[in-house]
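A.B. asks: generate coordinates for the sequence data below:
(2 chains)
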Amino acid sequence: EDKVVQSPLSLVVHEGDTVTLNCSYEVTNFRSLLWYKQEKKAPTFLFMLTSSGIEKKSGRLSSILDKKELFSILNITATQTGDSAIYLCAVEGFLGFGNEKLTFGTGTRLTIIP
Amino acid sequence: NAGVTQTPKFQVLKTGQSMTLQCAQDMNHEYMSWYRQDPGMGLRLIHYSVGAGITDQGEVPNGYNVSRSTTEDFPLRLLSAAPSQTSVYFCASNPWAQGLGETQYFGPGTRLLVL
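C.D. replies: Model (predicted):
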């Protein structure tokens, strides 16, 4: 069974700090790892990672994947109160045509104190 | 495009009642799925469909039925609601051209309370 574990479960930091969120996984036939940000409603897409060692960046957010050690990190630098959210990690497993699924972790709840 | 729509936004049910959560998309996506999200947990896959007439079970299918008679609609039926089904339900669709990847579109969610 596919499994995604995120840590920490919860994190409280001050505005301006840098945070690192972790995601480890076990999946049959890995295809991609995805990061989402969830505020009060549906998750919104941040990054998709498929290759080891290639950093993806978007403003103050960046992410990297290690397919040998089966984990990914999401970094947020110079945090702002608008970064407060639940960050979800998901992996896509591929078991054949018509048998592709996303498995989500429990998420990390990030709170930024002004 | 309206994207992925879900109705109702919020529903209260009594134990044993049945109801259908509606999900529709106007993007001609083949892949549609239902997730539930409970406090402190990520999204868990209930059922999914890769096209009209084709459905399959996800991680937590018990107590739920689905059907896919058209590409646009993917309703989720609760046959006999239980308090354990209190949750937020998200429907998602995906063009599924080359994997699920970054093209997953989520609906706004339905908050369900079963008393």
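
A.B. asks: ok, the helix or strand of chain A at the bottom of the mean pLDDT ranking near chain B or not?
C.D. replies: Here the helix or strand of chain A ranked lowest by mean pLDDT, DSSP states H and E is strand A:100-104, holding a mean of 88. Yes - if you take Cβ under 8 Å from any Cβ of the partner chain as the test, strand A:100-104 does meet chain B, through A:Glu100, A:Lys101, A:Leu102, A:Thr103, A:Phe104. Placement of C-beta: from N, CA and C, glycine included.

A.B. asks: nearest to B:Thr55, of those?
C.D. replies: Taking Cβ to Cβ as the measure, B:Thr55 lies nearest A:Lys101 of the residues of strand A:100-104 next to chain B, at 13.1 Å.

A.B. asks: now do the SS call for the most centrally placed residue in chain B.
C.D. replies: Centrality entry for chain B: nearest residue to the mean C-alpha point is B:Trp34, 2.8 Å, by Cα atoms, centre = their mean. Taken by DSSP: H, G, I helix; E, B strand; the rest coil, the conformation at B:Trp34 corresponds to strand.

A.B. asks: show the contacting residues for it.
C.D. replies: When contacts are counted by Cβ atoms under 8 Å, 6 or more residues apart in numbering or on different chains, B:Trp34 touches B:21, B:23, B:45-48, B:58, B:64, B:66, B:74, B:76, B:89-92.

A.B. asks: out of the residues you listed, who's near chain A?
C.D. replies: B:Leu45, B:Tyr48, B:Gly58, B:Phe90.

A.B. asks: out of the residues you listed, which are inside strands?
C.D. replies: Here DSSP state E is the test, and those give B:Leu45, B:Tyr48, B:Phe90 as lying in strands.

A.B. asks: what helix or strand is B:Gly16 on?
C.D. replies: Using DSSP states H and E, B:Gly16 is not contained in any helix or strand.

A.B. asks: and the nearest residue to it once chain neighbours are set aside, how many neighbours?
C.D. replies: With Cβ to Cβ, 6 or more residues apart in numbering or on different chains as the criterion, B:Gly16 has its nearest non-adjacent residue at 5.4 Å, and that residue is B:Ser80. A total of 11 residues lie near B:Ser80 under the criterion other Cβ atoms under 10 Å in any protein chain shown.

A.B. asks: how many residues are close by B:Val88?
C.D. replies: By the measure other Cβ under 10 Å, the count of residues near B:Val88 is 17.

A.B. asks: can you tell me which helices and strands the helix or strand where it lies packs against?
C.D. replies: In this structure, B:Val88 is located in strand B:87-94 according to DSSP H and E. Taking 3 or more Cβ pairs under 8 Å, 6 or more residues apart in numbering or on different chains; DSSP states H and E as the contact definition, the neighbouring helices and strands of strand B:87-94 are strand B:4-7, strand B:19-25, strand B:31-37, strand B:105-106, strand B:110-114.

A.B. asks: bridging across strands, which residues link to A:Ser58?
C.D. replies: Here A:Ser58 sits in beta bridges with A:Leu61, going by DSSP bridges.
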